[in-house]
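>>> Give the three-dimensional model of this entry:
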Amino acid sequence: MASQKQEQRLSFLATAIPPVAWIVVFFLAPLAIVWAYSFGENAGLTEVDISGTFANYERALQPLYLGIFTKSVVIAALTTLLCLVVGFPVALAIVFASEKWRAWLLLLIMLPFWTNLLIRTYALMAVLRTEGYVNFTLGWLWDNASWFMTLVGLEPLGDFTPLQLLYTNFAVIVGLVYVHLPFMVLPLYAALDRLDKSLIEASLDLGAGHLRTLYSIVMPLALPGIISGIIITFVPALGAYLTPDLLGGPDSQMIANVIERQFKVANDWPFGAALSFLLMYATFAAIALRAYFSRGKTADGHGF
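Residues are numbered from 1 along each chain as shown. From the prediction side, this is the model:
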């Protein structure tokens, strides 16, 4: 018996050691080095003296960087809200679609993951630029409206002025929603797919309308998927770098762009490390807060 337990223990260790070693060597160790850099100062062009100082964190809490961090949180929160508003009906439609179409609809949701983010971002730039498809469509509608007004004897419209959509906060939010929408749809679909559809039928049979059924039955039962989708969308949106860098202007930069400049341009690795870990601390705090309240609700018998 003891020999069998020892064999099981050895088998478990043989299976667990390679992935644990991989995580330690290629994830935890580099993370620990960057964390140690956040308590250091530059000692030369390529050297960092880890002196235990908190000056980098004090500098990161200055109004300039707090403002950028706050703006990043607001943009990430707005992106998450828009993804929820758009993604919930999409997930609901996929759940109630026929078996034949459900697989194809899920494929369309996951299809963007098969394309490089850089290519998708450049494609969006082609859509939003001054000579892009959005302005081309608006210009065509404007010209036709002007022609129709002339036809009926009204004063025609003037020349169409293309909208400045690219390199704005609007473009950044559109890009973030475009990139992160699948992260919201898939958890919502997983939660709604487990929904007991007889509850919806009972609600409708008892006289509740579709909107009341949605808010009183569907959304409370889908709450685990909603919370998971919010976290999965908000966290990467908060740390997004490529989208605001390519689609945003000078006033549209987020905290990840500031961190990148500290490492690549300013060569201030200690300050960049401090900014990075402040972002990680905030992310971990949000996840821990969600886990705490979820555990409390479950313990009281009111959770999911």
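
>>> can you map out the helices along the stretch 101-250 of the chain?
117-128, 133-151, 169-193, 197-205, 210-213, 219-221, 223-238, 242-247 (DSSP state H, counting those that start in this stretch).

>>> Of these, which is nearest residue 111?
helix 169-193 (8.8 Å; Cβ to Cβ). From N, CA and C alone the C-beta is placed, and that goes for glycine too.

>>> circling back: could you provide the helices of the stretch 101-250 of the chain in CSV, with additional columns for mean pLDDT, mean neighbour count and distance to residue 102?
Below are these laid out as CSV (pLDDT from 0 to 100; neighbours: other Cβ atoms under 10 Å; distance: least, Cβ to Cβ, whole Å):
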stretch, mean pLDDT, mean neighbour count, distance to residue 102
helix 117-128, 92, 15, 24
helix 133-151, 88, 13, 30
helix 169-193, 93, 22, 9
helix 197-205, 79, 13, 14
helix 210-213, 80, 12, 21
helix 219-221, 85, 13, 19
helix 223-238, 90, 20, 16
helix 242-247, 93, 21, 30
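
>>> Leaving out sequence neighbours, find the closest residue to residue 55.
Once flanking residues are discounted, residue 55 sits nearest to residue 41: 7.1 Å by Cβ to Cβ, 6 or more residues apart in numbering.

>>> number of nearby residues for that neighbour?
Using other Cβ atoms under 10 Å, residue 41 has 16 other residues around it.

>>> Quick check: it is in a strand.
Yes - secondary structure of residue 41 (DSSP: H, G, I helix; E, B strand; the rest coil): part of a strand.

>>> From residue 81, how far off is it?
40 Å (Cβ to Cβ, to the nearest Å).

>>> Check residue 70 too.
16 Å.

>>> Who's the closest spatial neighbour of residue 94, skipping the chain neighbours?
residue 105 (4.7 Å).

>>> export the helices of the stretch 101-250 of the chain to CSV and tack on distance to residue 58?
Output for the helices of the stretch 101-250 of the chain, formatted as CSV (distance: least, Cβ to Cβ, whole Å):
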stretch, distance to residue 58
helix 117-128, 34
helix 133-151, 44
helix 169-193, 29
helix 197-205, 54
helix 210-213, 51
helix 219-221, 43
helix 223-238, 22
helix 242-247, 26
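
>>> quick one: which of those is nearest residue 50?
helix 223-238 (27.3 Å).

>>> contacting residues for residue 253?
By Cβ atoms under 8 Å, 6 or more residues apart in numbering, the residues touching residue 253 are 68, 244, 245.

>>> What is the burial count for the closest residue in space to the last one that isn't next to it in sequence?
This points to residue 245. Counting by Cβ to Cβ, 6+ apart, residue 257 is the residue found nearest to residue 245 once chain neighbours are left out, at 5.6 Å. For residue 257, the neighbour count with other Cβ under 10 Å is 17.

>>> Next, find the distance separating residue 257 from residue 135.
26 Å.

>>> and what of residue 117?
Distance of residue 117 to residue 135, given as Cβ to Cβ: 24 Å.

>>> ditto for residue 121
Counting by Cβ to Cβ, the gap from residue 121 to residue 135 is 18 Å.

>>> Spatially nearest residue to residue 133, not counting backbone neighbours?
Using Cβ to Cβ, 6+ apart, the closest residue to residue 133 is residue 127 (5.0 Å).
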